[in-house]
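Peer 1: Okay, predicted coordinates and the sequence, questions at the end:
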Amino acid sequence: MAFSRNTWKLILSYDGGDFHGWQVQPGLRTVQGLLSEAIRKVTGEEVLPQGSGRTDAGVHALGQVATFDLEAGIPQQNLLRALNRALPTSVRVTQAEVMPQDFHARHSACGKTYEYRIFVRRDAGTRHERICSPLLARYVWDCRWPLDIAPMQQAATAVIGEMDFSSFAANDPDVSVRQGATPPTMVRTISASEWRREGDLLIYRVNGNGFLHHMVRNLVGTFIEMGCGRMSASQMPEILAARNRSISGPTAPARGLFLVEVHY
């Protein structure tokens, strides 16, 4: 007897500090692994939910998307409640809905929005140091240098558009290119890139059609070099044109990065 299968879409929020990233890894606590186990407990079915992309260890999500197929017929609100009971409190399913069968969390996505959050310990020209609350520390980069937001915003504007972001891409050990095969493209399109100040936080928000491994964290690390005067914002076009990771700034810590939304 053939069973009809429903394609489910979940939107998840999680505290990345509790996990070794999204993707299942043997012997390690991951979001994908815990979600798969929660689905098995609730429905009895063995599935591996597919995410819109991998978040690294320590990276948080406000709107990660996952898809999977189930044979079990279960109302949406019942699945939502049951999964949240089965998951640890550091992972919440905020939405569950049945989608057309051709929907896929990663392949159907047309863009993503990320935020990076920095705690401003010191303002330029002052000796006073703020203390980062322990309730905030795992969700921000507690940056010890005074930062000038003007060159950071100038550099952020320079990355808007379609361009090769090789200078901001980490080598991904999970991506291998067969001999003779065409290497993956490093070209991405950024539609919005800006810094803003909110109280004691500097927040970088970026929207694009896709992001390379560590790309947002490498951009932020470079912006910080410009904000504290070790690099000039006018260097950004040169850094992009070089297509060389070694000439851009360091990788910002994972704990300040949030996957805000996936766009379809």
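Peer 2: Yep, it's here. Note that the structure is a prediction, hence the values are computed from the model and not measured. Numbering: from 1, shown residues only.
Peer 1: only C-alpha atoms for contact and neighbour calcs from this point on.
Peer 2: Fine.
Peer 1: how about the helices of the protein, start to end?
Peer 2: Assigned by DSSP state H, the chain shows helices spanning 31-43, 76-86, 149-158, 215-227, 236-242.
Peer 1: highest average neighbour count across those helices?
Peer 2: Most buried of the helices of the chain, by mean neighbour count (mean count of other C-alpha atoms under 10 Å): helix 215-227, with a mean of 23.
Peer 1: residues in contact with the closest residue to residue 62 other than its chain neighbours?
Peer 2: In space, and not counting its chain neighbours, residue 62 is closest to residue 13: 4.4 Å by C-alpha to C-alpha, 6 or more residues apart in numbering. Going by C-alpha atoms under 8 Å, 6 or more residues apart in numbering, residue 13 touches 60-64, 91-94.
Peer 1: Residue 48 now?
Peer 2: Contacts of residue 48 (C-alpha under 8 Å, 6+ apart): 32-33, 36, 68.
Peer 1: Residue 234: which of those is nearest?
Peer 2: residue 32 (40.9 Å; C-alpha to C-alpha).
Peer 1: Verify the contact between the closest one and residue 19 for me.
Peer 2: No. The pair residue 32 / residue 19 is not scored as a contact, 9.9 Å apart, by C-alpha atoms under 8 Å.
Peer 1: What pLDDT is listed against residue 175?
Peer 2: Looking at residue 175, its pLDDT stands at 49.
Peer 1: scratch that, residue 180 is what I was asking about
Peer 2: 55.
Peer 1: Same check on residue 126?
Peer 2: Value for residue 126, per-residue pLDDT: 77.
Peer 1: Phi, psi for it please.
Peer 2: Residue 126 adopts backbone torsions of phi -120, psi 150, taken as degrees, to the nearest 10.
Peer 1: Also the one 10 residues further on?
Peer 2: The main-chain torsion angles of residue 136 are listed as degrees, to the nearest 10 and equal phi -110, psi -20.
Peer 1: what does residue 165 give?
Peer 2: Given degrees, to the nearest 10, the pair of backbone angles that residue 165 has is phi -110, psi 30.
Peer 1: how many neighbours does it have?
Peer 2: For residue 165, the count of nearby residues is 24 (other C-alpha atoms under 10 Å).
Peer 1: from memory it sits against residue 185, does it?
Peer 2: No. Shown here, residue 165 and residue 185 do not form a contact pair, counting by C-alpha under 8 Å, at 9.4 Å.
Peer 1: about what we covered before: nearest to residue 191, of the helices of the chain?
Peer 2: Going by C-alpha to C-alpha, the one of the helices of the chain nearest residue 191 is helix 149-158, 9.8 Å.
Peer 1: Give me the distance from that closest one to the chain's centre.
Peer 2: 21 Å (C-alpha atoms, centre = their mean, to the nearest Å).
Peer 1: May I have it exported as CSV, CA atoms only?
Peer 2: Listed next in CSV are the C-alpha coordinates belonging to helix 149-158 (Å, rounded to 0.1, in the frame of the first residue of the first chain):
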residue,chain,number,x,y,z
ILE,A,149,31.3,53.6,12.4
ALA,A,150,31.8,56.0,9.4
PRO,A,151,34.6,54.1,7.7
MET,A,152,32.9,50.8,8.5
GLN,A,153,29.7,52.0,6.8
GLN,A,154,31.7,53.3,3.8
ALA,A,155,33.3,49.9,3.4
ALA,A,156,30.0,48.1,3.9
THR,A,157,28.4,50.1,1.0
ALA,A,158,31.4,49.1,-1.2
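Peer 1: List only buried entries from the contacts of residue 13.
Peer 2: Applying 16 or more other C-alpha atoms under 10 Å to the contacts of residue 13, the neighbour count classes 60-64, 91-93 as buried.
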